[in-house]
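Enquirer: Prediction below, plus the sequence it came from.
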Amino acid sequence: MRDRFGPLDIVVHTLGGSHAPPGGFAALTDRHWDHALQLNLLAAVRLDRALLPAMIDTGGGAVVHVASIQRRMPLHEATLGYAAAKAALTTYSKGLANEVGPHGIRVNVVSPGFIRTAGADGLIDRIVASRAVSREQALAQIMDSLGGIPLGRPAHPTEVAELVAFLVCDRAAAVTGAEYTIDGGTVPTVG
């Protein structure tokens, strides 16, 4: 791979999601928990284990793991396993940053809130169909379920991508072991 593409210097892990049923902790079987951990934590661990040795050999690089604001505000009714796995991913990322920092590798976390993706639009469509409300009302219901978004809108995927791009570029050369929340102010966070 190195001969074909050159040295590996950036890893961005974005895989994640939840397929758990609603109903809170009692509805989550061991299979649901295992799926949440495999998809939202262990996939990143495996990717890092496969790719970071090459970065260590070259003496530098940047890693970004995409977590979620749900690690701080889990939606217990539907995504408790997902939230717990993303919390574990954030803790793992901080430990990894401490371990590989001396090798010149920076590890950071981006924790999005409600992002206006195709999946979010699908959720809006399902709410419209099931509750006989407008798209605007469905969007407002989602934002209200999060406790509101002070910015007044969900973030766009390009805004998240720009944050990730900054974290992997040389302008962020001294940033490691940090978590950046991009949620329009949903989670009261300063720091």
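Expert: Thanks, I have the structure now. From a predicted model like this one, the values you see are computed outputs, not experimental measurements. Numbers count the residues shown, from 1 in each chain.

Enquirer: measure stretch 63-74 end to end?
Expert: 25 Å (CA to CA, to the nearest Å).

Enquirer: pLDDT averaged over that stretch - what is it?
Expert: Across stretch 63-74, the average pLDDT comes to 94.

Enquirer: Show me the longest strand that occurs in the protein.
Expert: Determined from DSSP state E, the single longest strand within the chain is strand 105-112.

Enquirer: Quickly run through the sheet partners of that strand, with directions.
Expert: Using DSSP bridges, the strands paired with strand 105-112 in its sheet are strand 61-66 (parallel), strand 179-182 (parallel).

Enquirer: who touches the longest helix seen in the chain?
Expert: Ranked by residue count under DSSP state H, the longest helix found in the chain is helix 80-100. Residues from elsewhere that reach helix 80-100, judged by CB atoms under 8 Å, 6 or more residues apart in numbering: 16-18, 20, 24-25, 28, 32-33, 35-37, 39-41, 44-45, 48, 52, 55-56, 63, 65, 67-68, 70-71, 73-75, 106-109, 111, 176-177, 179. In short, each C-beta sits where N, CA and C put it, glycine included.

Enquirer: that older thread, so which of the strands paired with strand 105-112 is the most packed in?
Expert: Most buried of these, by mean neighbour count (mean count of other CB atoms under 10 Å): strand 61-66, with a mean of 24.

Enquirer: I'd like to know which of the contacts of helix 80-100 are part of strands.
Expert: Val63, His65, Arg106, Val107, Asn108, Val109, Ser111, Glu179.

Enquirer: Settle this for me: the first one is touching His103, isn't it.
Expert: No: the pair Val63 and His103 does not pass the contact test of CB atoms under 8 Å, sitting 11.4 Å apart.

Enquirer: Farthest-apart pair in the ones in strands among the contacts of helix 80-100, please.
Expert: Taking every pair in these and measuring CB to CB, the maximum separation is 16.7 Å, between Arg106 and Ser111.

Enquirer: that older thread, okay if I get the strands paired with strand 105-112 as TSV plus distance to Phe166?
Expert: Listed next are the strands paired with strand 105-112 as TSV, based on distance: least, CB to CB, whole Å:
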stretch	distance to Phe166
strand 61-66	10
strand 179-182	9
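
Enquirer: Of these, which is nearest Ala165?
Expert: Of those, the one closest to Ala165 (CB to CB) turns out to be strand 61-66, at 9.4 Å.

Enquirer: which residues are in contact with that closest one?
Expert: With CB under 8 Å, 6+ apart, strand 61-66 has contacts from 8-14, 16, 44, 48, 52, 55, 89-90, 92-93, 96, 100, 104-112, 160, 164, 167-169, 172.
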